[in-house]
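Trainee: When you get a sec, could you give me coordinates for this:
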Amino acid sequence: MAKVIITFKIMPDDVGVNLDDLKNQIIKKITNFGGIITEEKKEPIAFGLIALNMTFNLDEGKGDTEKLEEEICKIDGIQSCSVISVSRAMG
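Mentor: Have a look, this model is predicted:
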């Protein structure tokens, strides 16, 4: 089975949200789903709001990530989670 590389953009619901706590909770959700985190970036949006971009590898046999996105959105302090990139790993 091939691997896919997926990037989520996770928006906190407030500028005062602790991004490190959110990141740790998100990493748990992704790893429990079978993903392996490969990159984490903070992206300034506006007026002090910072999004988290989380990139991870996942076995393509897992299917779509809709359930994972829903689980991440249930975390207190998260406004939204959306897929911004999907590609197939080569090699």
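Trainee: contacts and neighbour counts: CA atoms only from here.
Mentor: Noted.
Trainee: where along this structure do the helices fall?
Mentor: Secondary structure of the chain by DSSP state H: the helices cover 19-33, 66-73.
Trainee: Below-threshold pLDDT in the chain: ranges please.
Mentor: Residues of the chain meeting the criterion pLDDT under 70: 91.
Trainee: Next, format the helices of the chain as a markdown table and append mean neighbour count and distance to Lys3.
Mentor: Below are the helices of the chain laid out as a markdown table (neighbours: other CA atoms under 10 Å; distance: least, CA to CA, whole Å):
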| stretch | mean neighbour count | distance to Lys3 |
| --- | --- | --- |
| helix 19-33 | 15 | 14 |
| helix 66-73 | 16 | 17 |
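Trainee: any chance of the ones you listed in a markdown table, with distance to Ser85 too?
Mentor: Conversion of these to a markdown table gives the following (distance: least, CA to CA, whole Å):
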| stretch | distance to Ser85 |
| --- | --- |
| helix 19-33 | 16 |
| helix 66-73 | 13 |
